[in-house]
Each structure stands twice: as C-alpha cells, then as structure tokens.
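# Sequence first, then the predicted structure, then my questions.
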Amino acid sequence: MFLIIHLTTHPGHVLRISRDDKYRRIGRERLLYSQSYINITGYDHGFHGELGRTAEKMTFFFPCVSSAGSEYQVLVAIIVFFLCLRWLFRQKKQQIPPSWPLLGSLPALVCNMNRVLDWWTDVFISLGKNTFYLNCPIFSNLNYVVTCHPKNFEHILKTKADNYPKGRSFDEAFDVLGDGIFNAESDSWLAQRKTAKSIFTTIQFRRFVNDTLQTVVDEKLLPLLARAAREGSTLDLQELIMRFTFDVINITISGKDLGGLYEDFPSDVLSQAIDDGQEAILFRLSTPKPLWSLLRLLRVGPEKKLAKAWETADGCIVDLILRKKEQLLKGIESEANSLLSNHIRSQGENSDWSKARVMFLRDMVLNFFLAGRNTTAAGVMWFIWAVCRNPRVEEKILQELRLAISRKQSKEGSKDSSDQEYKNKQQPWSTFDLDDVGDLVYLHAAICESLRLYPAQPMNLKSAIKGDVLPDGSVVKPGVKIMISMYSLGRIPSIWGNDCLEFKPERWILPDGTLDNDKISKLFFAFSTGKRSCLGKNTAFAIIKLAAAAVIFNFQVQVPEDQPVIKPGIMLEMKGGLKIKVKERASRPF
C-alpha cells in the first residue's frame, strides 16, 4: 500500500493525499509498487536529465505496510511534503547553486570540489550578481554567503570589521597556529600587530630584507637558472620559487639560512612539515568538524599527518628560538635585524625565558612562516608565468628594467666603473635592488594585474556576529559564514569589462603614466584591507619585484602553452608544478 502525495502547479488544483495498493497513474507519471520509492520532479536550472525539465507537477509517495498507524504515516508525509515545498519555493527564488532537501548544496559542491574557485565564478556570472547563498546539509548547521562584490569586501573587511571576525570554526581548524597574530583577537592581536608593524616599518629592517634578497638572488637563484640554461635541462618553477622564498623568509625571520635552494634541492624537514600541515588543515576546512575531531581523537588519517607535521615544526622552530637566546645571552648574535631578534628585543633581551615566552615566540615565527612562504612564492610564480605568456607585457617590463640599469650606472659614475666591470666578469648577469625597481610603474602595475587574476590567497573566511545587510542588499544572518572570493573578483565582466581574463597591466595606469591609486584602493584586495590587512605587503612586493626582475631580465623563460590546473588548497598553487626551460638573453646592458 502506498501513501501518495500529489502536488500539481495547475491553477485550481489542490493537495491530494490518498492510499492505494495497486498501480496508479497520475498525469504522465507511472507509480510502481516497491518497498521504498520517492519521485520528485521539479524545476531546477543547471541540471540535466529528469531534473533539467520544467515539470507540471511534483509527486511524493511512500510505502505503507498496513493500515494500522496510517495517521502517523500521513503526518510524516505531510512534514516531508512541506519540506519539499519549502525547497521548491527557494529554488524558484534562486536556482543556482541548487539547494536540495536535507543535503543543501552539498551535491553541487562535491561535483565541483576540484574547481571550486572557477565554479563560484561561473555561479556569479550565471546569476548576474556578485553574491549568492551556499546552504550546507541540515545536520552541519552551516550556511555560507559567498561574495565577490568589491563594496561588500570593503564593508566586511573594513567598515564593519568588528562584526566579521574569522570565527570559531577558523580558530579550531587552525589551532596549530596557537596564539599567533592570525588567530589572536582583541587586545592580544592589537599588541602583536603593533609590535610587528613597528618592526616592518624601520629602515634597518627594510635594508635587511633588501640585502637578504640580493644575496639569495645573486648567490643561489640566478646560478641555478644559469646552470639549467647551459645544460638545457627542465626546471619546476613552482618548486624553485618555493625554495627561494623559503630561504628568503627564513633568513628574514630567524637570520638563519636553512639552505633549501642548493643545486641538489635538499629536502628540508621544516618546509615539508609546513606543506603536510597545510594539506591536513585543508581537509579540516572541507570536512564537518565531528568527523575530523573523531580522526584527531583516534590520531588517524590526515589528523595523524597533521600531528606529526606540527611536532616536527615545533621542534625546528623552538630550536631556532633557543639558539637565538644563546646568541643574545653570549652577545654573539649573528643577525640583529631579523624579525625574531626584533621581537625578542621588544620584550626585553634579559626577560624571563619561561616556557610561555618560548611558545609565544614559536607562535609568532610559525604564523609569519605560513603567511610569507607560500603566498609570496605563489605571487612570484604566477607573475613570471603570466608575463612570459604575454610577449607585449614582457617587452615593456624589459624596457623599464633597461632604463633602471642605465640610471643606476649613471649614478655610479666613472668612480666605480672598475668595480662594476670586475663584478660583471665574476657574475655575467644583472641584478637589482629596491632603489632600482621601487618606482617602476609598469612593473608594479603588472604585479597588481597578476594578483588580480591569480591572488595568492584566493579566498577569505569570515563569520558574522550580528545580522547585517551588505551594500549590494544581501542579507546576512547571525552566525553565517562569509566566503570572500578574491579569485572571482578579478574575473567578473561587469567589474572589469569583457576583457577581464586578459593580462593587461594598463588597467592600473592612468593616462598620465602614473599608478591609478584610486582603483587600487577600491578594487585591489590581494593583501586584504582594513585593520587586518597584510603587514608584509611591502615585503611581498619587494620579493616579487627583485626576484622576477632578475629572472626576466637575464633569462628567456619558456613556459607551457597549456593553462595550468589549479591545485585545491588554501593557497593558489599549480597542480603538478610548472615545468620550464630557460635560455640566457643574448644581450643585456651592463
């Protein structure tokens, strides 16, 4: 026997509930007897097959084993019916992405898991608006507002930033960061940011970063590329740049060179631990908390990998801190301008070296490692790839760099000409410092354009404390998660025009040849904005400029013609790396 619920959208028809133990035909639908069968036919844009047609009715039917207790079965059926009715009305209001009863948008999310960033972009363009709602399964108690509207960015990250913290779920997923600046809130965050900002803005620290960059570029990066050019060998640019930034960031933070960029590409336990840890954190972010909490309790799967990774990372970082402590106590500090040295001095070199203080420094070092290493590497790699794929842009950058070299040689004058000639004989390539490239407009605009299309951190997660209405009219309920898609922002035709996917640095340059700072302030969010904007923005720009300028000026980089596949992750990385070949440029002004 079946309990049949039939809903028709024809005018004048009403809900009909009946029972039957025979074959039934309602309209064009044949209801076959079975132990368990549910048939829902409805309108759902974006799907093919049965759910891709516009239906005239919806039919739900369930098995009834006996007449006894049928009242309860009717009650259950009515409840299910109204849940489905609610789903239908929500679908009529917004068809994309589809939201299913009980499951929400989970099926669509699973189908697009390997291309979630491009899927979000497709949804924005299909809807014709820059915000949509992503409903998760009813048992997860999670709902998301996904947005790429620049005014919403400003509202969430700056205007009403206090209403949109990272949220408890972020803190839980990134618990390995401890009480570092990225997890900290309120007074703790304010104190850490104040200290870090005072360090980043000093002339001494900026000079230290510049000297570190020049050393690693001159003595490691360019020799490796020159060797590959001589041998005609293939390099993985992603791994090369990842190792380059790891060495730069490590020296900048701790003052110690861990030697990741030697010719044989030695393995480094700290670097590998950070990579393993990030993969496990991604699993947490894409999995319901009860599941990964259980895995953590059992210490299996990704949680086992995470525990081992951070045990290794803790050991390496604490060792760096204790070595620095010994140097300070003995008065033989090797590098006084490193971030770690500056932090220790800000707290007092002779302060109590308690376990709590060591763990605070551990959290600080780990937070800046994570912030600087992968994000900066992604920025350098995508920039080199984008420029080398666009000969017109590459030539304009080369012209700017040639002028920079010419100005530099003119300033040095004849007094230093013999020293410069000797240096050129020792190193047959040209390098730059921050004074050389700091005012190069086209180079800076090209980096902005690269980060527009390929932001190192493609999304940002926030959580609403109170209900709110975003500038585009989207309603945000208390407790709702906000996904800010920087990746999608750079790919919306209504914002950038129909050429939004073209690599066009001129977007950021005014007719008078200066940078369009107004557009940068309104549409450039690669380093976030507001009070929690990235403190290392200037350092990141410096690394990208000096590394990319040295590579592009001295070598022709041959990149694959195919579009790289984006690797699912917290950072924007290429799946399988980026295989390149390099040739030394035929002529360079010295």
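Received it, and whenever you're ready, just let me know what you need.
# any idea how far I543 lies from G180?
Here the criterion is Cβ to Cβ, to the nearest Å. By it, I543 lies 21 Å from G180. In this view, the C-beta of every residue, glycine as well, is placed from N, C-alpha and C.
# More neighbours: which of the two?
The neighbour comparison of I543 against G180 (other Cβ atoms under 10 Å) goes to I543, with 27 against 24.
# So the more buried one versus P150, what's the distance?
Going from I543 to P150 by Cβ to Cβ gives 26 Å.
# repeat for Q204
36 Å.
# likewise T234?
Counting by Cβ to Cβ, the gap from T234 to P150 is 40 Å.
# Could you measure from the residue nearest in space to the middle of the chain over to T375?
Centroid check for the chain by Cα atoms, centre = their mean gives Q457 as the closest residue, at 2.4 Å. According to Cβ to Cβ, Q457 and T375 sit 6 Å apart.
# what residues are shared contacts of those two?
Contact criterion Cβ atoms under 8 Å, 6 or more residues apart in numbering; residues shared by Q457 and T375: M571.
# What number of residues are in the vicinity of E449?
Other residues close to E449 by other Cβ under 10 Å number 25.
# so it sits right up against F503, yeah?
Yes - shown here, E449 and F503 form a contact pair, counting by Cβ atoms under 8 Å, at 6.0 Å.
# how far away is M113 from T212?
39 Å.
# just to revisit the earlier point, got any residues that touch both of E449 and F503?
A386.
# In contact with the residue nearest to the centre of the chain, which residues?
Applying Cβ under 8 Å, 6+ apart to Q457 gives the contacts T375, M486, A526, I570, M571, L572.
# So it, which state does it fall into?
Q457 falls in the coil class when you classify it by DSSP: H, G, I helix; E, B strand; the rest coil.
# that older thread, more neighbours, T234 and P150?
Ranked by neighbour count (other Cβ under 10 Å), T234 and P150 place P150 first, with 19 against 12.
# That one contacts F525, correct?
Yes - between P150 and F525 there is a contact under Cβ under 8 Å: 7.4 Å.
# overlap in contacts of the two?
Common neighbours of P150 and F525, using Cβ under 8 Å, 6+ apart, are L489.
# buried set for stretch 107-121?
A108, L109, N112, V116, L117, W119, W120, T121 (16 or more other Cβ atoms under 10 Å).
# quick one, what contacts the fifth one?
This points to L117. Listed by Cβ under 8 Å, 6+ apart, the contact set of L117 reads P458, M459, S485, Y487, S488, I566.
# Go through those and give me the one with the most neighbours.
The member of those that has the most neighbours, counting by other Cβ under 10 Å, is S488 with 27 neighbours.
# List the contacts of that residue.
By Cβ under 8 Å, 6+ apart, S488 lies in contact with L117, W120, T121, F124, N130, C148.
# for F124, same thing?
N130, F132, C148, S488, I492.
# Let's see that with 7 Å instead.
F124 makes contacts with N130, C148, S488, I492, as judged by Cβ atoms under 7 Å, 6 or more residues apart in numbering.
# Show the buried residues in those residues.
Using 16+ other Cβ under 10 Å, the buried ones in the contacts of F124 are N130, C148, S488, I492.
# Could you single out the nearest of the residues you listed to A550?
S488 (32.3 Å; Cβ to Cβ).
# in stretch 497-512, what counts as buried?
Neighbour-count burial for stretch 497-512 [16+ other Cβ under 10 Å]: C500, F503, K504, P505, R507, W508, I509.
# what distance separates the start and the end of that stretch?
Stretch 497-512 has its terminal residues 22 Å apart, counting by Cα to Cα, to the nearest Å.
# what does that stretch contact?
For stretch 497-512, using Cβ under 7 Å, 6+ apart, the contacting residues are 386, 390, 393, 441-442, 445-446, 448-449, 453, 491-493, 515-516, 519-520.
# what number of residues lie near D218?
Around D218 there are 15 residues (other Cβ under 10 Å).
# Over to S463?
Burial measure for S463: 18 neighbouring residues, criterion other Cβ under 10 Å.
# So in terms of bridging, what pairs with it?
K481 (DSSP bridges).
# Output the contacts of S488 in TSV; the columns should cover pLDDT, secondary structure and distance to G577.
Output for the contacts of S488, formatted as TSV (pLDDT from 0 to 100; DSSP: H, G, I helix; E, B strand; the rest coil; distance: Cβ to Cβ, whole Å):
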residue	pLDDT	secondary structure	distance to G577
L117	94	helix	19
W120	93	helix	25
T121	95	helix	24
F124	95	helix	29
N130	95	coil	33
C148	97	coil	28
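# Show me the two of the residues you listed that sit farthest apart.
For those, the maximum inter-member distance is 14.7 Å, found between L117 and N130 (Cβ to Cβ).
# So which bits of the longest helix seen in the chain are buried?
Ordering each helix of the chain by length in residues (DSSP state H) puts helix 355-388 first. For helix 355-388, the neighbour count (16+ other Cβ under 10 Å) marks 360-388 as buried.
# Can you name every helix or strand that that helix contacts?
helix 237-254, helix 269-285, helix 301-330, helix 339-347, helix 391-412, helix 441-453, helix 537-554 (3 or more Cβ pairs under 7 Å, 6 or more residues apart in numbering; DSSP states H and E).
# List the neighbours of the second one that are in contact with it.
Contacts of helix 269-285 from elsewhere in the structure, counted by Cβ under 7 Å, 6+ apart, are 173-174, 176, 246, 258, 260, 292, 302-303, 305-306, 309-310, 312-313, 316, 369-370, 373, 569-570.
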